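*Asks:* predicted model, plus sequence, below.
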Amino acid sequence: MRPLTDEETKTMFEKLSKYIGENIKILVDRPDGSYCFRLHNDRVYYMSEKILKLAAHVSREKLVSVGTCFGKFTKTMKFRLHITALDFLAPYAKFKVWVKPGAEQSFLYGNHVMKSGLGRITENTMQYQGVVVYSMTDVPLFGFGVAAKCTAECRQVDPMSIVVFHQADVGEFIRNEDTLT
């Protein structure tokens, strides 16, 4: 387990800023202690300094996971967010999408959100902006994606148009349980 390089940190923070903007500072400088990001087996983990010190006593070969997995770096060094980061992204999300109850299951199966399943969308959401997907009861338990259309376009498109591209959802745990490690 090692600290992220400057290039890795920049890539990861650019991806996080699509979803939470300048609130990245809140993730690192928390009132309940100091938190950090560490890289282990191409995966980025978010943990407190206390846990980091305890994990230092375990060898790299035997360490499977520590803290919360925020995502992983692909072979081309792009950062891909994991659904486990949702609990930390949702409170600070700048742009949100609420899906209707009928579209919840479709999103959890890995499908994009159509206009017919869109309940609400945050004002001034730009196209290709990262969004957190909520249920109509304000529960951020579904996942996150990228806005396919801006807020103004969403009001005028036909019901079968895609308004949010699927990125990750909680259904991944079941669909990909063989490959998740």
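*Replies:* That came in fine, so what should we check first?

*Asks:* state whether I174 is indeed within a strand.
*Replies:* No: assessed with DSSP: H, G, I helix; E, B strand; the rest coil, I174 is helix; it does not lie in a strand.

*Asks:* tell me how far it lies from F70.
*Replies:* Going from I174 to F70 by C-beta to C-beta, to the nearest Å gives 21 Å. Every residue, glycine included, has its C-beta placed from N, CA and C.

*Asks:* who has more neighbours out of these two?
*Replies:* F70 (21 against 9; other C-beta atoms under 10 Å).

*Asks:* pretty sure the more buried one sits against C36.
*Replies:* No: applying C-beta atoms under 8 Å, one finds F70 not in contact with C36, separated by 11.4 Å.

*Asks:* so what sits against both of the two?
*Replies:* The overlap between the contact sets of F70 and C36 (C-beta atoms under 8 Å, 6 or more residues apart in numbering) consists of Y46.

*Asks:* leaving out the residues flanking it, which one is nearest to T11?
*Replies:* For T11, ignoring the flanking residues on the chain, the nearest one in space by C-beta to C-beta, 6 or more residues apart in numbering is F79 at 5.0 Å.

*Asks:* so that neighbour bridges to which residues?
*Replies:* Judged by DSSP bridges, the bridge partners of F79 are F73.

*Asks:* show me what contacts it?
*Replies:* By C-beta under 8 Å, 6+ apart, the neighbours of F79 are 8, 11-12, 14-15, 44, 71-73.

*Asks:* of those, which belong to strands?
*Replies:* 44, 71-73 (DSSP state E).

*Asks:* next, the buried residues of the helix or strand bottoming out on mean pLDDT in the chain.
*Replies:* In the chain, the helix or strand scored least confidently by mean pLDDT, DSSP states H and E is helix 172-175, which has a mean of 74. Buried positions in helix 172-175, judged by neighbour count with 16 or more other C-beta atoms under 10 Å: E172.

*Asks:* which helices and strands does that helix pack with?
*Replies:* Of the remaining helices and strands, none touches helix 172-175 by 3 or more C-beta pairs under 8 Å, 6 or more residues apart in numbering; DSSP states H and E.
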